[in-house]
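Participant: Model the structure of this input:
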Amino acid sequence: MSKVYIFDLDDTIVECQVNYFVVLSNFIAKMVDVFGRMSPHPKDIAHKQHEIDVVLMKEPFSKERFPKSLVKTYQYFHREIYGNENYDKKIEEEIFAIGDSVYKVIPKPLPNAIETLAKLKEHGKILCLYTLGDKDVQMYKILNNRLYEIFDPDKIFIRKKKTVEELEEIYNYIRNQYGIVDKSEFTMVGDNLKTDIIPALEFGINAIKVRSRNPFSAIEDEFDYKEVDNISEIIWNMNPD
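Facilitator: Here you go, the predicted structure:
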């Protein structure tokens, strides 16, 4: 049984994607208002934004990435509709502000997430938080959900990227602190195949994937990991004692 759990934050412990969906809906409404009868179909706007966002994700994480993807989506359709690059700077600023508003939302914990973490800690498990993002943004979520009561400060790792090397640093830190050597004692828990699950498997530790509610991330794969709907299933499927 694994003694160390390394948890992702967004859409693993707290809801995140739903807040982006709300902001995207506001952005699409803004696009329809801007372009009027010439507005592209909302579905086309959503797909183009996702396409642009995926490209921007290849760069190191920046909190400007998401708002920037909305602005670039507006610019794309402006060129498509009007055939020029005479973008309205005021509209760009308004769209950027719509995207930036997602960081002002306090995300709610997913059902039974806090209770699960507390129970694992109560049973003596070592809990780490390993999250991708801007430090201020992620700490805002951590503080407002009182996750500092569960995760010790030295076990909260906020990174601009998630790689095998980053995971190895966390592993070595915990190993040196607790004397745990066997990788089979470590389990990564997250919702993202690319940033959470694959690096864990490549590094040689266990992985539990939380099923994503993002329709764009529903893909088939052949990797060997457990999959759950909610982290509370860690308690159901594994005896924490």
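Participant: The helix or strand harbouring residue 143 - contacts with which helices or strands?
Facilitator: Using DSSP states H and E, residue 143 sits within helix 135-144. Contacts defined by 3 or more Cβ pairs under 8 Å, 6 or more residues apart in numbering; DSSP states H and E place helix 135-144 against strand 156-159. Every residue, glycine included, has its C-beta placed from N, CA and C.
Participant: Confidence-wise, which helix or strand of this structure is lowest on average?
Facilitator: Here the helix or strand of the chain ranked lowest by mean pLDDT, DSSP states H and E is helix 233-237, holding a mean of 76.
Participant: wait, residue 8 sits on residue 190?
Facilitator: Yes. If you go by Cβ atoms under 8 Å, residue 8 and residue 190 touch, sitting 3.3 Å apart.
Participant: Mind jotting down where the helices sit in the chain?
Facilitator: Residue ranges of the helices in the chain, as given by DSSP state H, are 17-35, 42-56, 65-82, 89-100, 113-122, 135-144, 164-178, 198-203, 233-237.
Participant: so where is the protein shaky, pLDDT-wise?
Facilitator: Filtered on pLDDT under 70, the chain yields the residue ranges 1-2, 213-222, 236-241.
Participant: relative to helix 113-122, how tilted is the longest strand belonging to the chain?
Facilitator: With secondary structure taken from DSSP state E, the chain has its longest strand at strand 126-132. Here strand 126-132 runs at an angle of 140 degrees relative to helix 113-122 (axes from the mean of the first three to the mean of the last three Cα atoms, to 10 degrees).
Participant: can you list contacts of strand 126-132?
Facilitator: Contacts to strand 126-132, defined as Cβ atoms under 8 Å, 6 or more residues apart in numbering, come from residues 3-10, 13, 61, 117, 120-121, 138, 142, 147, 150-151, 155-162, 166-167, 170, 174, 178, 180, 188, 195.
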